[in-house]
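Trainee: Requesting a structural model of the entry that follows:
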Amino acid sequence: MKTSPFARIATVLFFGCVLLLLFIPIKTRFNFFDEGFSVLNAARIATGEVPYRDFFTIYLPGQFYALSAVFTAFGTGLLAARIYDILVRFVLVLSVYCIARRLTTRALALVAAAAVTILLASAWFYTYPIFPALALGLLSVASVLEYARTCHRRWLLLAGLLLGVAALFRWDMGACFGLSAVLTLLLARLSPAGRDGSSGAARVASELLWLVGGVLVVLLPCLAWLGWKAGFRTLWSQLVVAQWTIIRLRWKPYPPLLPDIIPARLNLHGLRVSYAVLVGWLEFYLPIALYLLAFVHYGLALARRRTRFSTQQWGTLAMALVGALMLNQALNRYDHLHVLSTWLFVPLVAVGLIHEIGLDLRPLAIKRCFLLLWTALGALYLYSLLGEVHSALAKYPPWGCYSSVERAGCVSLWWDEEEAVHFIRTHTVAGEPIYVGNRQHDVISISDSGFYFLADRPSATQYHELEPGITTTEAVQRTIVEEIEARQVRWIVLMDGSDYAEPNGSGVSSGVYVLDEFIRSRFAQVAEFGNYQVWARLGP
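Mentor: Here you go, the predicted structure:
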């Protein structure tokens with residue numbers, strides 16, 4: 001069926017509105033930790049440094065090299081990094097729409113794209129490597145679906161190449177998409193409904209060879225190069241050992257299974273508190289409920305049907321599988337950001353099920369009732385996120401300027417951070433190394449990696465990203481002390497991170513005070529701006 005000119009124009013206008021909505025929060029406040037180390041790592045790479053060898057990081061470097069290319073082409077600044085991030089999110093929305101069109105109708109595909117746009121626009125968190133990883137992963141899913149339609153193996157090879165690149169941004173995202181693709185292929189070829197007279201096991205082995213081959217073509221040379229440059233032991237230490245150490249310490253509790261949504265007082269404040277509790281509960285448990293429904297529905301269908309599944313059904317099941325695997329993010333560290341990765345697949349699974357099961361309660365069916373209730377609660381959750389978009393427009397309209405720091409590009413900064421940056425820039429020369437740490441190094445929840453980037457001053461140490469279980473150890477603190485002394489650092493900035501303390505292992509003191517004692521013996525505080533102190537080296 002051909003698309004009418006009116007439908008094409010309407011679709012173009014829709015995606016124009018999507019882009020505008022994604023641009024609304026572009027000037028929201030700088031996230032000096034996660035966003036900070038992303039842009040700083042990219043800036044360090046742009047000067048010729050190599051990750052793992054020249055600076056510590058627990059992530060694969062795809063995002064850092066992408067941002068470094070952006071800085072090289074368009075100048076080093078937060079605004080350039082955020083425009084890149086928004087364009088990545090836009091590609092993510094387009095990918096969702098393209099996949100949804102294969103699963104359902106144009107109208108429902110637009111609904112899925114609109115829902116994902118709201119989710120992304122409400123996430124005031126930029127340069128997060130998960131977004132390009134998700135976009136590449138979805139493109140790999142689209143390639144697998146194209147293979148299911150055409151049976152041309154080149155689509156499987158392309159899917160593998162895309163998975164390999166996605167893994168360079170976030171290896172866990174690449175693993176989730178890859179495992180989902182493998183499980184879907186296994187179910188499709190080895191289930192009773194998928195056999196066609198040829199050897200199912202032989203066919204799936206051939207398909208997996210093409211898929212895995214594409215992944216290895218990308219990953220092996222990149223990891224070999226990084227291992228050659230930084231050392232394979234260093235690579236293992238930072239990407240595996242250090243990452244696992246940090247994940248264990250940063251775990252956060254989940255919402256209770258039965259939420260307490262009865263207001264303590266029947267007034268406006270009590271109702272708002274109950275609403276916030278309900279939204280937090282929906283955020284964590286609604287995706288789980290939807291994926292369970294999908295697995296029950298398709299599990300029963302696979303057990304009962306003798307005919308093949310359609311491409312639409314396999315696509316919806318694949319989305320449910322990868323969405324469920326993405327729950328690993330929220331299970332390791334529950335908050336809005338880490339539950340977002342699984343929520344981005346919820347609209348795809350929802351529209352696929354709605355298209356197949358329907359919301360019509362005639363005839364009455366448990367699955368339809370459950371899906372209708374879920375759709376209503378999902379709409380309530382998305383409505384709550386629109387408040388975040390409205391807040392961004394009210395507090396930080398994108399046409400305003402909220403900082404005088406050149407590299408910030410008018411992006412909003414904390415006032416005390418901005419004042420401390422100006423102080424350091426006026427008391428140092430270009431290229432002079434500084435150290436930015438915490439007032440306590442035995443307990444670390446967060447640190448200001450972005451300070452180096454904003455001040456345009458290099459870090460005196462490879463450990464600009466301070467992490468619990470890493471910087472809190474004696475060995476790393478002694479290394480930092482040695483690097484500060486070797487580079488004869490004159491200025492140190494210390495941030496009070498107590499406001500960001502979390503109820504987990506990051507809040508437990510390691511009992512190591514080597515770095516704190518060194519700073520207090522060799523430096524003296526000369527200025528204070530809110531949570532920031534500036535310390536100068538004492539004379540000989």
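Trainee: what sits against residue 433?
Mentor: When contacts are counted by CB atoms under 8 Å, 6 or more residues apart in numbering, residue 433 touches 457, 458, 459, 460, 487, 489. The C-beta positions use only the backbone N, C-alpha and C, and glycine is treated the same way.
Trainee: Spatially, and excluding backbone neighbours, which residue is closest to it.
Mentor: Distances taken as CB to CB, 6 or more residues apart in numbering place residue 460 nearest to residue 433, at 3.9 Å, with adjacent residues excluded.
Trainee: Please apply the same query to residue 94.
Mentor: Closest residue to residue 94 apart from its sequence neighbours, by CB to CB, 6+ apart: residue 15 at 7.2 Å.
Trainee: circling back: quick one: the residue nearest to residue 433 from residue 482, how far?
Mentor: According to CB to CB, to the nearest Å, residue 460 stands 10 Å off from residue 482.
Trainee: Can you pick out the residue with more neighbours from these two?
Mentor: residue 460 (24 against 12; other CB atoms under 10 Å).
Trainee: what residues are up against that one?
Mentor: 433, 434, 435, 483, 484, 487, 489.
Trainee: same thing with residue 250?
Mentor: 332, 333, 468, 502, 504, 505, 506.
Trainee: what does residue 251 give?
Mentor: Residue 251 sits next to 332, 333, 504, 505 when contact means CB under 8 Å, 6+ apart.
Trainee: Wait, a helix at it?
Mentor: No: using DSSP: H, G, I helix; E, B strand; the rest coil, the secondary structure at residue 251 is coil, not a helix.
Trainee: Relative to residue 332, how far out is it?
Mentor: 6 Å.
Trainee: Residues touching stretch 473-492, excluding its own?
Mentor: 424, 427-428, 432-437, 441, 460-463, 470-471, 510, 512, 514-515, 518-519, 523, 534-537.
Trainee: If any of those are buried, give me the ChimeraX selection for them.
Mentor: Per 16 or more other CB atoms under 10 Å, the buried members of the contacts of stretch 473-492 correspond to this ChimeraX selection:
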select :424,428,432,433,434,435,436,437,441,460,461,462,463,470,471,510,512,514,515,518,519,523,534,535
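Trainee: Which of the contacts of stretch 473-492 fall in strands?
Mentor: In strands, defined here by DSSP state E, the members of the contacts of stretch 473-492 are 435, 436, 437, 523, 534, 535, 536, 537.
Trainee: confidence score at the third one?
Mentor: The confidence metric pLDDT takes the value 95 at residue 437.
Trainee: again with the last one
Mentor: The predicted local distance difference test score for residue 537 is 95.
Trainee: Surely it is in contact with residue 523?
Mentor: Yes: assessed by CB atoms under 8 Å, residue 537 is found in contact with residue 523 at 5.5 Å.
Trainee: Quick one: mean pLDDT for the helix or strand encompassing residue 288?
Mentor: Element membership of residue 288, judged by DSSP states H and E, is helix 268-304. Helix 268-304 carries an average pLDDT of 84.
Trainee: helices and strands around it, which ones?
Mentor: helix 311-332, helix 336-343, helix 346-357, helix 366-395 (3 or more CB pairs under 8 Å, 6 or more residues apart in numbering; DSSP states H and E).
Trainee: hmm, back to that, show me which of the contacts of residue 433 is closest to residue 377.
Mentor: residue 459 (46.1 Å; CB to CB).
Trainee: Bridge partners for that closest one, pull those for me.
Mentor: Going by DSSP bridges, residue 459 is paired in beta bridges with residue 434.
Trainee: For it, list the residues it contacts.
Mentor: Counted by CB under 8 Å, 6+ apart, residue 459 has contacts 40, 44, 55, 433, 434, 435, 436, 452.
Trainee: For the residue nearest to residue 433, report the pLDDT, please.
Mentor: pLDDT for residue 460: 95.
Trainee: what about stretch 403-422, how long is it end to end?
Mentor: End-to-end distance of stretch 403-422 (CA to CA, to the nearest Å): 11 Å.
Trainee: Which residues belonging to that stretch are considered buried?
Mentor: Quick answer for stretch 403-422 (16+ other CB under 10 Å): 403, 405, 407-414, 416-421.
Trainee: Show me the two of those residues that sit farthest apart.
Mentor: Greatest spatial distance among the buried residues of stretch 403-422 (CB to CB): 409 and 416, at 19.6 Å.
Trainee: Geometrically speaking, which residue is the centre of the chain?
Mentor: The residue lying closest to the centre of the chain (CA atoms, centre = their mean) is residue 130, at 3.3 Å.
Trainee: Thought residue 339 was touching that one, still the case?
Mentor: No: if you go by CB under 8 Å, residue 130 and residue 339 don't touch, sitting 11.7 Å apart.
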